[in-house]
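Engineer: any chance you can model this:
(chains A, B, C, D, E and F)
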Amino acid sequence: MAEKHVLFTFNHAPYGSIWYNEGLRAVVGVTSGIDEHTVDVVYVGDGVYFTLKGVERTDSAKYLGTLAKGGYKLKAERESLEARGIDPSELAEDVEVISRADVVALVDRADATIDF
Amino acid sequence: MAEKHVLFTFNHAPYGSIWYNEGLRAVVGVTSGIDEHTVDVVYVGDGVYFTLKGVERTDSAKYLGTLAKGGYKLKAERESLEARGIDPSELAEDVEVISRADVVALVDRADATIDF
Amino acid sequence: MATLGFLLTLGPFQFENWDTAASLAEAALDKGHEVRMFLYLDGVYNPVKLQTFPDLDVMPKDRFAALASRGAKIIACGICVNARGLEKGKDYVEGVKVGGLPDFAEIVAESDSLITL
Amino acid sequence: MATLGFLLTLGPFQFENWDTAASLAEAALDKGHEVRMFLYLDGVYNPVKLQTFPDLDVMPKDRFAALASRGAKIIACGICVNARGLEKGKDYVEGVKVGGLPDFAEIVAESDSLITL
Amino acid sequence: MANLYLLGAPAGRNGLALAERDEAAAVVLIQDGVYLDVKCLAGKKVYAVRKDVEKRGLASRLPGSVELIDYGKLVDLVLENKVINFA
Amino acid sequence: MANLYLLGAPAGRNGLALAERDEAAAVVLIQDGVYLDVKCLAGKKVYAVRKDVEKRGLASRLPGSVELIDYGKLVDLVLENKVINFA
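Structural biologist: Next up, the predicted model:
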């Protein structure tokens, strides 16, 4: 069966709804099965609020730990951060800021996309 | 028991979610029980999309009929319409356009408020 | 002492509203107030007694059961209950009743303040 | 012929997503394609077989049962099922199975295109 | 007695627009409502639920004039004022 | 093969911003995504699900260049292109 490269986008802020966390559970599920897919994890729109330094990550810690071990970085879209007045210095250390053009390049690279 | 005047605001566009319709069911429920409350029904934000002339009202028809019989009008906030580029001529005939200041006056008049 | 009413239209887990409603109701009871709550639409999923989820220490249904046992009057919309296949709430935690919108109209009448979540 | 995959994370009634997912799956089967669907989070409420609601001619669960009977492979997330008190899907319509995220990973592998709703 | 606007999401934006025009308004930010930009409320009393602010790492991003409160205080406010719901 | 952006709500806005920058983009508006303002997509192919547009009374409000399609056509598009999900 075909291994695929899957782009996950996170669109909801924590914690009003649960996609921010259950989406990470799904990312881990998709990367760790017999079908060894690879992924990109990108925060866009209100999703970027999850990448703030001070966000409590208790419930997401195990998924984030697994992803970090797999060499994955969390990516946040610069234009979404700017629109919300968030400076890169306010972000957690494991977050990489990329441009909207970079996100489009990830769209091009992906075999499938999933939005949470 | 105290009869109250209740302000219902409708904030969700049809039909992505069901509040636009089940909110009307609740309005009818609140006006027609032993506790004979009176109501205002105001569409604000994306809720104003429900007041467009061409919106299919099949599922809401019975609630709207009951409200019309009770002498109630649907009210749409002018500023929300303008922000969405909706001209009053595009609205259904049973909709009255009121200003944001008018909505604040309805807030003042209400004993309780409910948002859908 | 006063009476605080709630209208809850979202279910457990997916949205935060159930937790806010339960927390506010608990705080109101702590202060000696009365609590009335109407579960409408997906709100009727909250008191299903068979919830089991390793990630949460306390299940949503347990919070609602505790509220009911402390005297909160919690009523779920019967039409919504049956639509969602919950069969008149036969698998609800103790203390939560199934009713209808006339019960909500009564809650509106009885409550000094009303919170929609 | 191709395979169309779905990830559905919202339940029946409250949001429109279940209807769009079912309609697209029906259209795909009509064209002779294969359908795979993973029900995640509130999506697991869709196939509860006791749904009854006078305002709808066809219940959501009937749409999903029909899809399954036409060969669509529909799998619900077991963790989500149990969290919501649905006891391993014992009251599900026929044809809907309970599984886990590895099944979703397989759906991702098998599907020519994947739709999230 | 104030009109106490309870602002969450997504309806909070609509309530915020009303509160801005309402001289009797006080505002409480709850749940994802703590992301709202409350600059337009200058001069009005604004509260936010402490737990909702802190979990989201927003304490340093809110104006200093916003008072963080717990659920007990929110119950008091809700019963002392008229609640204008926009969750 | 285009990047076929499936835009609903609330994530549709985020997908729209990407589609605007994506030369390979085509767009399908579904569900509450039909309320999106697609002016920024001038020159790109935009479809909308006919049922979602007509129920909402929006047929006359959409640009004439938007092609209304049924679910059968959407299945064809989804299988002929890469789906970029923003429901």
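
Engineer: which parts of chain C are strands?
Structural biologist: Taking DSSP state E, the strands of chain C run over residues C:3-8, C:34-39, C:73-77, C:96-99, C:113-116.

Engineer: assumed A:Ala13 was part of a helix.
Structural biologist: No - per DSSP: H, G, I helix; E, B strand; the rest coil, A:Ala13 lies outside any helix segment and is coil.

Engineer: pick out the residue in chain E sitting closest to chain F.
Structural biologist: E:Pro10 (7.2 Å; C-beta to the nearest C-beta). (Glycine included, C-beta is placed from N, CA and C.)

Engineer: does that residue really touch B:Asn11, like I thought?
Structural biologist: Yes - the criterion here is C-beta atoms under 8 Å, and E:Pro10 meets it with B:Asn11 at 7.1 Å.

Engineer: I'd like to know how many residues surround residue 83.
Structural biologist: Using chain A. 13 (other C-beta atoms under 10 Å in any protein chain shown).

Engineer: hmm, no, I was thinking of chain C.
Structural biologist: Considering only other C-beta under 10 Å, C:Ala83 is surrounded by 22 other residues.

Engineer: that one contacts D:Gly11, correct?
Structural biologist: No - at 10.9 Å, C:Ala83 does not count as touching D:Gly11 under the criterion of C-beta under 8 Å.

Engineer: next up, the contacts around C:Val108.
Structural biologist: Shown in contact with C:Val108 (C-beta atoms under 8 Å, 6 or more residues apart in numbering or on different chains): B:Lys4, B:Val6, B:Val30, B:Asp35, B:His37, B:Ala112, C:Gly5, C:Leu114.

Engineer: nearest to C:Glu34 among the residues you listed?
Structural biologist: Nearest to C:Glu34 among the contacts of C:Val108, counting by C-beta to C-beta, is C:Gly5 at 9.3 Å.

Engineer: and the closest one, what's its pLDDT?
Structural biologist: pLDDT for C:Gly5: 98.

Engineer: what sits against the closest residue in space to it that isn't next to it in sequence?
Structural biologist: In space, C:Gly5 comes closest to C:Ser111 once its chain neighbours are excluded; the distance is 3.0 Å by C-beta to C-beta, 6 or more residues apart in numbering or on different chains. Under the criterion of C-beta under 8 Å, 6+ apart, the neighbours of C:Ser111 are B:Ala112, C:Thr3, C:Leu4, C:Gly5, C:Arg36.

Engineer: and the second one, what is it in contact with?
Structural biologist: Spelled out, it's C:Thr3. Shown in contact with C:Thr3 (C-beta under 8 Å, 6+ apart): C:His33, C:Glu34, C:Val35, C:Arg36, C:Glu110, C:Ser111, C:Asp112.

Engineer: what number of residues lie near the second one?
Structural biologist: Close neighbours of C:Glu34, defined as other C-beta under 10 Å, add up to 17.

Engineer: touching, it and C:Met1? I think so.
Structural biologist: Yes - C:Glu34 lies in contact with C:Met1 (C-beta under 8 Å); the separation is 6.9 Å.

Engineer: would you mind listing what in chain E touches chain C?
Structural biologist: Counting by C-beta under 8 Å from any C-beta of the partner chain, chain E comes close to chain C at E:6, E:8, E:30-32, E:49, E:70-72, E:74-76, E:78-79, E:81-83, E:85, E:87.

Engineer: go ahead and flag the most central residue of chain E.
Structural biologist: For chain E, the residue whose C-alpha lies nearest the mean C-alpha position (C-alpha atoms, centre = their mean) is E:Val28; its distance is 2.0 Å.

Engineer: could you find the closest non-adjacent residue to the residue of chain C at minimum distance from chain F?
Structural biologist: Nearest to chain F, among the residues of chain C, is C:Phe15, at 13.0 Å (C-beta to the nearest C-beta). Excluding its sequence neighbours, the residue lying closest to C:Phe15 (C-beta to C-beta, 6+ apart) is A:Ser17, at 5.2 Å.

Engineer: what does A:Ala26 give?
Structural biologist: Using C-beta to C-beta, 6+ apart, the closest residue to A:Ala26 is D:Leu101 (6.3 Å).

Engineer: can you pull the residues of chain A lying near chain F?
Structural biologist: A:9, A:11-12, A:44-45, A:47, A:79-80, A:100-101, A:103-104, A:107-108, A:110-115.
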